[in-house]
Every structure is written in structure tokens, then in C-alpha cells.
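Peer 1: Curious how this folds, go ahead:
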Amino acid sequence: MKANLSGVIFGDNERVKIIGALNVSPESFYKYSDRDRIREDFLSLSRYSDIIDVGAASTAPGVEMISKEEELKRIELALKEISEVNPGIPISVDTQRGEVAELALNSGADIVNDVSGLKDEEMLRVIEEFQPPLILMASKKKPGDCLSIEEIIKSLKLSLDLALERGCNEILVDPGIGFGKPLSLNIEIIRCLPAMRCLGRPILVGISRKSFIGEITGKDVKERLWGSLAATSISVFLGAHGIRTHDPEETRDCVKVSEEISRGYRSIKSEIDGHEISLIEIALGDHVKYILNFIGVDEEGIEIMSRKAKPIGIFIDRLSTPEALICKQEILSLGGDAGINKRCIDFETSETGVLLIGSFSQLKLFSEKLKRQGMKLRELGKIMEGFLNGEIGKKEWR
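Peer 2: A predicted model of the protein is given here:
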């Protein structure tokens, strides 16, 4: 589970990366950089950021969308100012419009951050032509309209498919905290970050000074730093691979401490019989139902397995239907369980994701049983054994 955004690596076993937000829109709810401050603010952000994200059109709730012409003018000016002082840090352009992304990519930007999740047809043309690294936020039609964890995961999967169809492979997913969502959902998004690992892409979280922090603390936007850092720390502990922030210096210290305390999630990608397969470690709990729903398990199975969820889960992104059925039978015999697509029962689908649920000892015994199977399951058993023993997929960045 990794993504290379212009030389900046996000993912398991990597240091959590900081994306500094540079807003050149007067409508932005915090830290507007006018023409006279763009260079100064850019250099200040770049001292503690891995990437700078430049936005010219605010997407804050209640703010009217500016015209395409105005957004183009602002981005062109900002990138011109930045190009004259940039020490070499990658630049992301925060836009929903393909024409703006095209101008930015032609003017030195490296990455496209689309909070609409590729809903603009012109954006699809641009990413197919330029093949840029992408940041994709959960969105059905417009930012903020995904109002459940299920909708967030579904919309991100659809956006990922659109990007992959056009040859873009280096992608971060953003569940879209804020954007007018209710407080309870913003909290649930953070709690359910482990469930979003089923998408198989590094996760970016944008929390910085958003209104839900104000709802909790009662503080104005200028006084929300400490609340933002608290939510950031929890997000890192629960598996966020990147943090977008207005305050990179303070956030970097917060992230460093959180990383040291965090258990750290692991994932591996391997090839078996010419087919690439991923194993993704997921901490299970109340949100296990979201992963089972993503796989396509039937409602009764989701209810049963949610009650049986253990502390360890291994998500395998793709197995053939016969292999998945064997896995389910073998883990059931050990007292664990496996979620597979409901269409596997009647062989209506040829492949499926698999969520293995069990204790560490059950999964170790399961890997031993797989090593006695045929097809590619024997090799999968060896990989799982090494993964569980910590021999592969180690956190090596420290």
C-alpha cells in the first residue's frame, strides 16, 4: 500500500507525510495568501512540508464557486510567484476543473488534488494525457455529499476505477472530513480509517482547523490548532499516511510522536503465478461491517461476522472464487471466519476480495494449512506466514 507522488512516498512502512495548504483564494476560511505574501508563505510552509497544495477556489460550505476564468487567473499568478523561489518541493494543485489542472501541470505543478473525485469530464481527459499523481476525495457529485462511511468507501472506489482506467496509478484517497458534514460523521470517519484500508491506497486526512473542531472546542478558527493536533494524532494512530494542514511545523512534531506510539499497520504486495496480490493488515472492531460490505458479503453474513470480529484481520485484495471458498472453509475449521463476495456461492463471479478474521494463532495455523493446498494457495500460505512472523512487511523507515 504505497503511492509515489513526485518522489514523495506515502504508505505503510513509511514516515507519515505533511502536505502544507497554500490558499490563494480570498474566500478561504483560514490563511489567505494574497499576491504580496505568496512567496513568503510558500517558503514558510515548505520548511516543514513534503508537498505544498495550492488552491485558488475555496470549497468551504456556503462559499459560492468562483468562475473558471478567475480560478485560472489566480492559479497562474500563484505558480508564477512560486516558480521563482521554489527550492524543489513538489506542488499539488487543488482544483475540480480540468482546464485549471491542465494549466497548472503546464506551469510546474506535479500533482492534482481533486475534491470532487474526478467528476469533471475535462479532468478525465487531462489526467489521461498528463498521467499525474492524484489525490482523490470522496464525493458523489460535489464535495461534502457523501453522508455515510459506506458512501465514502463506494465513491472512492468509483473514483479509483476512473483514474486507473486512464492509466493513473499513484493515488492517495481522502475520505473528506469537513465540507459541511455533521459532527458525528466527521468523528466516525476518523474512527473508521482502518476500514478504508480495504481500498488498498494510502490515506490522506485533512483536519486542519475545520468547523467540527470548533463544534467540539467552542473555539474560533484562529484558536483551533490544539484541537486539530489532537485529531491529527488519533488519525495517525489509526493509520493515516498523510496529513494536509495549515500548520506544518506544529503538525510535524505531533505526527512524529504519534508515529512512535502507533502500532503501525503493514501491507505487502507480491506476485503469485504471474498475478499481483496484496495482503493488508486491518485492525478490526465496530467498523468491520464496512469492509465486509465493500467485499460484497450478504447482510446476514455481515451481521454474523461483525459479532465475531477479532483483533486481527488480513484483507487479501483478489483471489479466484474456488480459492476464496477454500480459504473460508479452512479458517472456519479453526474457529475464525472469512468474508467473501456473496456471488461466490453460486459461482456468479470469478474472483473476490477476502477478509480473514481471527486471532493471531488462528491465522498462523491457517497459513500452515494453506501451505498444504494446491493452486496459488500454497505460495500464499508461505507469504502469510512470513507476514505474521514479521519477516516481511516490516516498518523499516526508522
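Peer 1: Give me the neighbour count for Ile91.
Peer 2: Neighbours of Ile91 under the rule other Cβ atoms under 10 Å: 24. Using the backbone N, CA and C atoms, a C-beta is placed for each residue, glycine as well.
Peer 1: Contact partners for it?
Peer 2: Ile51, Ile52, Val54, Leu79, Ile82, Ala104, Gly108, Ala109, Asp110, Ile111 (Cβ atoms under 8 Å, 6 or more residues apart in numbering).
Peer 1: now that we have those, which one has the most neighbours?
Peer 2: Ala109 (30 neighbours).
Peer 1: one step back: with the contacts of Ile91 in mind, which one is nearest to Ile261?
Peer 2: Taking Cβ to Cβ as the measure, Ile261 lies nearest Ile51 of the contacts of Ile91, at 24.5 Å.
Peer 1: Verify the stated contact: the closest one with Ile19.
Peer 2: Yes. Between Ile51 and Ile19 a contact is recorded at 4.7 Å, counting by Cβ atoms under 8 Å.
Peer 1: Find the residues that touch each one of these two.
Peer 2: In contact with both Ile51 and Ile19: Ser92, using Cβ under 8 Å, 6+ apart.
Peer 1: of the contacts of Ile91, closest to Gly386?
Peer 2: Distances from Gly386 to those, taken by Cβ to Cβ, are shortest for Ile51, at 32.9 Å.
Peer 1: Any buried residues in the helix or strand hosting Val255, and which?
Peer 2: Element membership for Val255, per DSSP states H and E: helix 248-261. For helix 248-261, the neighbour count (16 or more other Cβ atoms under 10 Å) marks Pro248, Glu250, Thr251, Arg252, Cys254, Val255, Ser258, Glu259 as buried.
Peer 1: List the residues that contact the residue lying closest to Ser320 once chain neighbours are set aside.
Peer 2: Spatial nearest neighbour of Ser320, excluding adjacent residues (Cβ to Cβ, 6 or more residues apart in numbering): Glu351 at 5.3 Å. Glu351 makes contact with Arg318, Leu319, Ser320, Thr321, Ala324 under the criterion Cβ under 8 Å, 6+ apart.
Peer 1: and Glu351, backbone torsions?
Peer 2: Here is the backbone geometry of Glu351 (degrees, to the nearest 10): phi -150, psi 160.
Peer 1: per-residue pLDDT, it?
Peer 2: We note a pLDDT of 93 for Glu351 in this prediction.
Peer 1: from what I can see Asp298 touches Lys342, true?
Peer 2: Yes. Using Cβ under 8 Å, Asp298 is in contact with Lys342, at 4.0 Å.
Peer 1: So for those two, which residue has more residues nearby?
Peer 2: Neighbour count, other Cβ under 10 Å: between Asp298 and Lys342, Lys342 has more, with 18 against 14.
Peer 1: just checking, the more buried one touches Gly301?
Peer 2: Yes. Using Cβ under 8 Å, Lys342 is in contact with Gly301, at 7.1 Å.
Peer 1: Perfect, I'm done here.
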